[in-house]
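A.B. asks: only geometry, no sequence info:
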């Protein structure tokens, strides 16, 4: 069973080795940086050439958190549908009716979120 | 024959290694080819000449340019010999780790995709293009007369779920890069990328439910086998035939998931420089670009596998063409493998071309439009697609 995943591990090893090798080559072949204090502006965060106007730790819009919460809800419901979709046709009518009821409840939750403006981006 | 390596048959291990290496090489090459075709194709669309300067000097005063492809090699070499710049990042370890998280998921999600059908090793070496190799055909005919393998890195029964699971990991690449860079443009790009990717992942997952429901499997190999069957005796049961609507939902959400034009808000150059990899330079930046091109190639591979029959050629079985009017054309095993591989690559190249063409034809969305499209249109439409599919199947369709 675990042997099935061995080729995937091989692929991961090949890929990480390639990335690591390229980054190492880049570090070895490229010109070495001068003293850190030689060019102070070189090490400031890139901001279109001007000096930094404000701190980087800006507060983040709450919408992003809401999207993440909605994602967890709908992704869980989606993952519940996968095993059903695999076996549904071998079970038959009962499975179809059950899933239509499930999707009905999903739709109710979705419409609720929509009506409460959870899906608006402002 | 009985020798084992880490508990696995040595022949199987070597086959796995060759296929894994070959498919990795293919994806890596596709990354390079796509970055070239992106430049050249955009130039053609915008009536420019495009990359055509760099060339390898040939004797006789000419130089080998290959329609600008040498430019890309020159770019790669140039990026390799640039300074390995370390910005004043929050966390240099995370800063470097993000490159791995962005690149590796793009490559390993291809592990479950079959590139061609079952290959009979001994018979393959009897074909016209391999039998000239001295010794090997005789060796395989005597030692491994019945060895059959699939041109697929791993035959996992979780198939599509593996693709989704690995696809979710690339979110970490974006968010780590943005957070560790200590730059507000990077952070904004990372947040945009993250919320866009997870939003469209829901729509993408739901769009594919109809496909899984019809073929009754998430195993990619069986999905392709299901698409080789014929409806009415002549029409291949490809995903596009049975689930035409899901195809459009999938292509829209998959392109958005990969942050490509019309949906490239995370990298909107005119707003936030280049998004979450603003602070990366030299080959590190190139790795992110590479990962993006490989992901585009992977979207083309997914479209091919799920909606256009994967490697299958219509009417081609293991022994030859079974035409719908009853005729039969025998094809040797070596040629069947070539045809299947060729059919797969042709479809993939076509969809790579289509996705790049879309990039240079469409304007960018605004962020609220992007979120509205994902949540208010694609998600309900994907659910509706599933409901309609269930009703049609329940009424005796397909």
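C.D. replies: Received it, and whenever you're ready, just let me know what you need. As the structure is a computational prediction, the values presented were derived from the model and not from experiment.
A.B. asks: residue B:260 and residue B:357 touch, don't they?
C.D. replies: No: using C-beta atoms under 8 Å as the test, residue B:260 is too far from residue B:357 to be in contact (11.6 Å). Just so you know, the C-beta spots here come from the backbone N, C-alpha and C atoms, and that holds for glycine as well.
A.B. asks: tell me which of these two has more neighbours.
C.D. replies: When residue B:260 and residue B:357 are compared for neighbours, residue B:260 comes out ahead with 20 against 13, by other C-beta atoms under 10 Å in any protein chain shown.
A.B. asks: okay, domains of chain A per the record?
C.D. replies: A:2-51, A:62-115 (automatic domain parsing).
A.B. asks: now mean pLDDT and mean neighbour count too, for those, in JSON lines please.
C.D. replies: JSON lines is the format used below for the domains of chain A (pLDDT from 0 to 100; neighbours: other C-beta atoms under 10 Å in any protein chain shown):
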{"stretch": "domain A:2-51", "mean pLDDT": "78", "mean neighbour count": "14"}
{"stretch": "domain A:62-115", "mean pLDDT": "86", "mean neighbour count": "15"}
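A.B. asks: let's have these in CSV, adding distance to chain B.
C.D. replies: Conversion of the domains of chain A to CSV gives the following (distance: least, C-beta to the nearest C-beta, whole Å):
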stretch, distance to chain B
domain A:2-51, 4
domain A:62-115, 4
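A.B. asks: tabulate the ones you listed (JSON lines), appending distance to residue B:393.
C.D. replies: Below are these laid out as JSON lines (distance: least, C-beta to C-beta, whole Å):
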{"stretch": "domain A:2-51", "distance to residue B:393": "31"}
{"stretch": "domain A:62-115", "distance to residue B:393": "7"}
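A.B. asks: give me every residue that touches residue B:150.
C.D. replies: Counting by C-beta atoms under 8 Å, 6 or more residues apart in numbering or on different chains, residue B:150 makes contact with B:114, B:117, B:118, B:119, B:221.
A.B. asks: highest neighbour count among these?
C.D. replies: Neighbour max across those (other C-beta under 10 Å) = residue B:117, 25 neighbours.
A.B. asks: how about that residue, what does it touch?
C.D. replies: B:150, B:151, B:311, B:312, B:318, B:336, B:337, B:340.
A.B. asks: and which of those residues is nearest chain A?
C.D. replies: When these are compared for distance to chain A (C-beta to the nearest C-beta), residue B:150 wins out at 10.7 Å.
A.B. asks: what strand or helix carries the closest one?
C.D. replies: Element membership of residue B:150, judged by DSSP states H and E, is strand B:148-151.
A.B. asks: equivalent analysis for residue B:262, please.
C.D. replies: If you go by DSSP H and E, residue B:262 is not part of any helix or strand.
A.B. asks: how about the secondary structure of the closest residue to it other than its chain neighbours?
C.D. replies: Nearest residue to residue B:262, sequence neighbours excluded (C-beta to C-beta, 6 or more residues apart in numbering or on different chains): residue B:362, at 4.3 Å. Assigned by DSSP: H, G, I helix; E, B strand; the rest coil, the conformation of residue B:362 is coil.
A.B. asks: make sure residue B:362 is actually in contact with residue B:263.
C.D. replies: No: Residue B:362 is beyond contact range of residue B:263, at 9.3 Å (criterion: C-beta under 8 Å).
A.B. asks: who has more neighbours out of the two?
C.D. replies: residue B:263 (22 against 13).
A.B. asks: so the residue nearest to that one when sequence neighbours are not counted: helix, strand or coil?
C.D. replies: Spatial nearest neighbour of residue B:263, chain neighbours left out: residue B:256 (4.0 Å); criterion: C-beta to C-beta, 6+ apart. Using three-state DSSP, the structure places residue B:256 in helix.
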